[in-house]
Each structure stands twice: as C-alpha cells, then as structure tokens.
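Undergrad: Need coordinates for the following:
(one chain, ligands or ions: 1)
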Amino acid sequence: MDLESVRDSLIRQEDTIVFSLIERAKFPINSWAYSPPQNGVDAFSASSFLHSFVRESETLHAKAGRYENPEENPFFPDDLPPSMVPTHDYKQVLHPAGSSINVNKTIWDIYLNKLLPLFAAEGDDGNYGLTAACDLACLQAISRRIHYGKFVAEVKFKESPEEYGPAIHDQDRAGLMKMLTFEAVEEMVKKRVEKKATVFGQEVNLSDNSKSKETYKVDPSVVSRLYEEWVMPLTKQVQVEYLLRRLD
Ligand SMILES: O=C(O)C(=O)C[C@]1(C(=O)O)C=C[C@@H](O)C=C1
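TA: Predicted structure coming up:
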C-alpha cells in the first residue's frame, strides 16, 4: 500500500458515490421517510423510517460479515450481531488506536439536512422503501470514502514518520492538518467528480440532436460542492484524528 494506491481507491470510490446519487435522484425527497422530525430531537437518534431501515440493514450486513472489513464502518455500531460467515484474514494495516474512529453521526446529519435537499426534487411518490435503499447506498459509499482517510493517514505516516512524529507528540492538530493537505490534489478531485457527474449523468441518445440540451441526472456542481464542503474536509478530519492516536 502506498499513497498512489490509496489515491487510486479514492478515485474508484468516486464512481460509486456519483452513481449512488444518480440512483437516489430518481425519487423525490419523500420526507415521510425521515420523520418524525420533532423539534429539538437529534435526527440521528429519532426513529424515523430511514433510521430503522439502516439499523435493520446493518444487522443483516453484520451477520454477513460486512463490518469485519476494516474499510466498513456501521452507522449504528452498538449491539451488532457477530458475523456468521467464515472468517477472512483481513490484512491489519491500521494502527489499533485509530481504527475505530467513526464520524458517521456527522455524515448522517450532513447527508439528510444539507446534501439531499440540494439534489432531490420536491414531492412525495410514496416509494419509501426504494428511497431508503438508495439513501443507504449513498450513506455507505460516502462513509467508506471518508473513513478511508485512516488508510491515507497510515500510508502518509509510514512514508515519513520523522515528519509527522513531532506534531503527533505535540498533539498539534493544525500542524498535522497542514502537513496532510495537498491543495492541488483537492482541486483535481473537485474537477474530476464534476466531470464524472457530467459523463455518468447525461442522457444517452442515439440521435445527435440530444446534444443541444444539457441536463444531468444530478447537477455536477452539487457533486463538486459535496466534495469541497464535506467529503474532503471530513476525510482530512479522520486523518488528523487517526494521526493524533498513531503513537498511542
Ligand atoms: O490525496 C490525499 O493526500 C488525501 O489526503 C486525500 C484528500 C481527499 O480527501 O481527496 C484529502 C486531503 C488532501 O488535501 C488531498 C486529497
């Protein structure tokens, strides 16, 4: 594992995220799936339909061994049943102290309250089960990408321990954030995901006159914004949290 191979994985995961958003965009917002949005109640713990749907799906996925894979992080990690499939010997790449970092509560909140209203059309077509299945796919894809920051951080630390060591000793968050940030890479990521949303989300027609109207299944600028405002900042936050514990 090196920086190039973890970046390749991040690039491949962009496809999954863009496709999952395109699938979700087939349905209107369908707000019933997210109620009861009672005032003052934390959306993550209120039992909306989506909440129950994700919780029960994770129970099944846990039995199927999904969370044995260190790249997977459940939204509701408490009380998950053990895996019932044969044990696979996953390579232990991550430092144990940082491996359980989980920012899914923040991801849930951003997805429901900020991202969804940007790309799901208003309305209700009653397809709550299908909508929730699409939400789950989006949440899992975004969560996997953001928590992959642990692997990115591990590789960066292994490549230059002498560079990161002093900042870790000093628990210097700002210093670590500066060291692991590559602005030119971030610019490329934003441009690439926007382009992917343009290519994957266009209408494919056999006749040429389709070229005149440019409508996409998900607005490409929303995907770029998703990465700029939430995905990359949270991936960096995971990296910082991981590095702070790297010498424990
Ligand atoms: O590629 C890296 O070095 C990463 O840390 C990943 C990532 C990203 O989230 O895409 C995050 C921080 C960097 O500034 C650039 C990109």
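Undergrad: Quick check: residues of the protein near the ligand?
TA: By Cβ under 6 Å from any ligand atom, the residues of the chain that approach the ligand are 7, 10, 152, 180-182, 185-186, 189, 232, 235-236. Where you see a C-beta, it was placed from the backbone N, CA and C, and this is true even at glycine.
Undergrad: Tell me which stretches of this structure form helices.
TA: 3-24, 49-63, 96-99, 104-110, 116-119, 128-147, 149-159, 161-169, 173-180, 183-200, 220-225, 232-244 (DSSP state H).
Undergrad: export those helices to a markdown table and tack on mean neighbour count and mean pLDDT?
TA: As requested, the helices of the chain are exported to a markdown table (neighbours: other Cβ atoms under 10 Å; pLDDT from 0 to 100):
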| stretch | mean neighbour count | mean pLDDT |
| --- | --- | --- |
| helix 3-24 | 17 | 98 |
| helix 49-63 | 17 | 96 |
| helix 96-99 | 15 | 96 |
| helix 104-110 | 18 | 97 |
| helix 116-119 | 15 | 97 |
| helix 128-147 | 20 | 98 |
| helix 149-159 | 21 | 98 |
| helix 161-169 | 13 | 98 |
| helix 173-180 | 16 | 98 |
| helix 183-200 | 16 | 98 |
| helix 220-225 | 20 | 98 |
| helix 232-244 | 21 | 98 |
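Undergrad: Val85 is nearest to which of those?
TA: helix 49-63 (8.0 Å; Cβ to Cβ).
Undergrad: Let me know the angle separating that closest one from helix 128-147.
TA: Helix 49-63 and helix 128-147 are oriented at 60 degrees to each other (axes from the mean of the first three to the mean of the last three Cα atoms, to 10 degrees).
Undergrad: With the ligand as the reference, measure out to the most centrally placed residue in the chain.
TA: In the chain, the centroid-proximal residue (Cα atoms, centre = their mean) is Ile142; its distance is 1.5 Å. For Ile142, the distance to the ligand (Cβ to the nearest ligand atom, to the nearest Å) stands at 12 Å.
Undergrad: can you tell me which residues contact that residue?
TA: Contacts for Ile142 (Cβ atoms under 8 Å, 6 or more residues apart in numbering) come out as 17, 107, 111, 231.
Undergrad: nearest spatial neighbour of Arg24, skipping sequence neighbours?
TA: In this structure, Arg24 finds its nearest non-sequential neighbour in Cys134, 4.0 Å apart by Cβ to Cβ, 6 or more residues apart in numbering.
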